[in-house]
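**Q** Everything below, folded, please.
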Amino acid sequence: SVIKAEEMITFLIGNPGADAMNSIAMLVREKMQGISAWGSGPPYTSMPNNGQGMSSDINNNGGGGGASSGGYGEQGSHYGSYGGGYGNQQQGQSQGYGFNTQSEIFPCSKMYMGRVIGQKGVTINDLQKRSGCDIQINQDVPPGQDCEITIKGSRQGIESVKRMLSDIIELGPNHPYAGGGGGGGGG
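**A** Numbers count the residues shown, from 1 in each chain. All right, here's what the predicted structure looks like:
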């Protein structure tokens, strides 16, 4: 774990002009694909400039602008991922550098937000872990309008999140994901 953390920090320091979350996602993707081992350092052959001196233009992958703030406790409008936002709240697709990331908005009534997020974020974090997707929740919507749950990841991951969100809404507090009363997990 320390080796991974050290490499991530070194990677971010080497790319000060790049969006941190997109950069880390690229680094993790390279490691997960077995292109290089944790702790090996640069060059990162699957990335632009071999992963050095990258800018926001390079790792934004056409995603539609700079990052928005996210995570718990930041202005109360986004919840979910510790990963922050991507500045793109529209459904779309971004292809770049050997991976395919898509984004989709899942509308959801504000009355279900507590259940979807879970105590201290346990449920939404479980959904992110299971699906591999980044999930952002915008609750800052006009009265009577559904909240926007933005899901960013692979098509398979997005579909998985939509199924899990439907389970949480339909099954109520007995849903099978972390924070629910239905056993708290499983595969």
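**Q** Now do residue 129 against residue 135, distance only.
**A** 10 Å (CB to CB, to the nearest Å). The C-beta positions use only the backbone N, C-alpha and C, and glycine is treated the same way.
**Q** Between the two, tell me which one has more neighbours.
**A** residue 135 (27 against 12; other CB atoms under 10 Å).
**Q** I'd like the average pLDDT over whatever helix or strand the more buried one lives in.
**A** Counting by DSSP states H and E, the element that carries residue 135 is strand 134-138. Computed over strand 134-138, the mean pLDDT rounds to 93.
**Q** just use 404 as the starting number from now, easier for me
**A** With 404 as the first residue, the last one maps to strand 537-541.
**Q** Can you work out which other helices and strands pack against it?
**A** The helices and strands touching strand 537-541, judged by 3 or more CB pairs under 8 Å, 6 or more residues apart in numbering; DSSP states H and E, are strand 481-483, helix 516-520, helix 525-534, strand 550-556.
**Q** center of this structure - which residue?
**A** The centroid of the chain falls nearest to residue 537 when counting by CA atoms, centre = their mean (1.6 Å).
**Q** Just give the closest residue to it, not the sequence neighbours.
**A** residue 555 (4.4 Å; CB to CB, 6 or more residues apart in numbering).
**Q** my guess is the one you found meets residue 504, correct?
**A** Yes - between residue 555 and residue 504 there is a contact under CB atoms under 8 Å: 6.3 Å.
**Q** Return the helix or strand in this structure with minimum mean pLDDT.
**A** Every helix and strand in the chain was compared by mean pLDDT, DSSP states H and E; the lowest is strand 481-483, with a mean of 37.
**Q** got the angle for the strand holding residue 538 vs helix 525-534?
**A** Strand 537-541 and helix 525-534 meet at an angle of 150 degrees, taking axes from the mean of the first three to the mean of the last three CA atoms, to 10 degrees as the criterion.
**Q** Output strand 537-541 in CSV with nothing but the alpha carbons.
**A** Taking C-alpha atoms only, strand 537-541 is exported to CSV below (Å, rounded to 0.1, in the frame of the first residue of the first chain):
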residue,chain,number,x,y,z
ASP,A,537,-17.2,7.2,-10.4
ILE,A,538,-20.6,8.3,-9.0
GLN,A,539,-21.5,11.9,-8.2
ILE,A,540,-24.8,13.0,-6.8
ASN,A,541,-26.0,16.6,-7.4
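**Q** so how far does stretch 441-456 reach from one end to the other?
**A** End-to-end distance for stretch 441-456, by CA to CA, to the nearest Å: 20 Å.
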